[in-house]
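Q: Need a 3D model of the sequence below.
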Amino acid sequence: MAEFGIIAHGAYVPRLRLDRKIIAEAHRWMAPGLGEGAKGARAFRSWDEDCVTMAVEAARDGLRGADARKIASVTVASTTFPYADLQHSAIVADALRLPSSVRSLDMASSQRAGVSALLQALRMGEESLVIASDAPVGKPGSARELSFGAGAAAFALGRGEPLARLVSCHSRTVGFVDHFRPAGEPFDYFWEDRWVRDEGYLALVPPVVEAALREAQMTIGDVKTLVMPSMLRGAAPAVARQMGFKGALASDLDKDCGYSGAAHALLMFSAALDEASPGERILLVGFGQGVDALVFEVGKKPAPIAGRRGVAGALKDALPTDSYLRMLSFYGNIELEWGMRAEKVNKTALTEQYRSSHQTAGFVAGRCRACGAIQFPQLQYCVTPTCRAGSDQFDQLSLVDAPAKLLTHTADWLSYHPAPPLHVGFVQFDNGARLMMEVVDVGPGGVEPGAPLRMVMRVKERDAARGYVRYFWKSTPLDIG
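A: The predicted model follows:
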């Protein structure tokens, strides 16, 4: 009988990276001690990235090894959702073109939201997609600003020969407040680190782990890898020593990413799975107003999947920047004078957005069965002058994963854009489609005609007056040099 477990997984880390020394140097006048922890680089989201776009990209990476048509439910976990009353998992499901029968759920308000979401889906025992995506914001001049990062991880669950199966689990809910962020506030308030370590991690984690291992009839010596993210440096090694754990601590991804909030546990777990061997046991711990401890046994070693990047590939695909002010601007921590061109109305017509969502959400073009022409957006008639077949003769064709290259390009410094210049060009798809698109994540060397491109889900624009975010697809160079 086929076993149930993790059948595929993927990850996403924003390309933008900032050396922590640059951040520390900016605050040396008021906090010279920050330089002591300024090692490596942290990832940060671009102005047009958020937990929704990162969730879509992580899921695209993960679903390369799974059949999306079988997914019955999708859950997205984050502590940085842009909306208080609008379901983000529904936006993600539309972008991924999941079946309309899929159930959707958002999970929030805790650093262990990602682990809890995975645990809930595993216990449900049905084909599902679990995504954790987060980009916590540290107050300028704080140690958190240095240590925080951004990222997302996605896990597809189903039956077959799983990459990993859940052996046992145990949870405990405790009203332990190590930090909090009031609704509507941009930054968290943190309590004293030593107290959080001693009365939080060291006191709460070991008993829950012991219970999970006891249920599996295992000891800590049977575990090969411990995955336990923490905002506190050194918390995971301290817990490991207290439990007598002699195995390997999973990489905390601090060097090139940073702590990515509710997504970090699953991001570390995804990286650990890629390195694990069949038969090994992995202990995954989520901490935040309690503890979740999950014991996994690694299954088959998957064959390489074309196009899948995983955590390692996402970390390698970096675009370094030396501008600290760029990060502050993208996170809304500095108000800049953008001039009169920025004073435009960005009200979204929700009626038209809904009517055209079958095209825009999943970036779906129409292919004429009469002449083969591919067009986006889809009109009522074929654009070929000698054809003019009706739209009822169109087949639906997603451009999301279609190979493409840059045909022409311009860098516009005159139009308002949150990350000038605005790179725009005609994109030529190998299937024949051609359209004008924004090009994002362009490196300092620019981008040349003929450069291979891939499509990414991004924020198209934000309505500052009403707080609405409109999403669409953009192009980005495969190689940013």
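Q: going forward, measure contacts and count neighbours with C-alpha atoms only.
A: Will do.
Q: Where does the prediction get shaky in this structure?
A: 1, 481 (pLDDT under 70).
Q: can you tell me which strand in it is longest?
A: Identified as the longest strand of the chain according to DSSP state E is strand 452-463.
Q: Ends of stretch 72-80, what's the gap?
A: 25 Å (CA to CA, to the nearest Å).
Q: Identify each buried residue in the longest strand of the chain, please.
A: Residues of strand 452-463 classed as buried: 452-459, 461-462 (neighbour count, 16 or more other CA atoms under 10 Å).
Q: do stretch 309-316 as well
A: So for stretch 309-316, counting by 16+ other CA under 10 Å, buried means 309-311, 314-315.
Q: cool, stretch 173-182 as well?
A: Result for stretch 173-182 [16+ other CA under 10 Å]: buried residues residue 178.
Q: what comes into contact with it?
A: 187-192, 196, 200, 288-291 (CA atoms under 8 Å, 6 or more residues apart in numbering).
Q: how far out from the middle of the chain is that stretch?
A: 24 Å (CA atoms, centre = their mean, to the nearest Å).
Q: Can you name the residues that contact residue 347?
A: So residue 347 contacts 463, 466, 468 (CA under 8 Å, 6+ apart).
Q: Now do the phi/psi pair for it.
A: Note on residue 347: its backbone torsions stand at phi -70, psi 130 [degrees, to the nearest 10].
Q: Against residue 419, how distant is it?
A: From residue 347 to residue 419 the distance is 21 Å (CA to CA).
Q: what's near enough to touch the residue most central in space within the chain?
A: When CA atoms, centre = their mean is applied to the chain, the residue found nearest the centroid is residue 152 (2.6 Å). Going by CA under 8 Å, 6+ apart, residue 152 touches 11-13, 51, 54-55, 58, 131-134, 260, 263-264, 266-267.
Q: wait, which of those residues is closest to residue 92?
A: Of all those, residue 55 has the smallest distance to residue 92: 7.1 Å, by CA to CA.
Q: wait, that closest one sits on residue 153?
A: Yes: Residue 55 is in contact with residue 153 according to CA atoms under 8 Å; the separation is 7.2 Å.
Q: Those two: which is more packed in?
A: The neighbour comparison of residue 55 against residue 153 (other CA atoms under 10 Å) goes to residue 153, with 35 against 31.
Q: SS state for that one?
A: strand (DSSP: H, G, I helix; E, B strand; the rest coil).
Q: In the sheet, which residues pair with it? Tell me.
A: Judged by DSSP bridges, the bridge partners of residue 153 are residue 11, residue 132.
Q: I'd like the distance between it and residue 295.
A: 19 Å.
Q: go on, residue 439?
A: 43 Å.
Q: Then residue 154?
A: 18 Å.
Q: neighbour count winner among these two?
A: residue 154 (33 against 25).
Q: Nearest spatial neighbour of the more buried one, chain-adjacent residues omitted?
A: residue 131 (4.3 Å; CA to CA, 6 or more residues apart in numbering).
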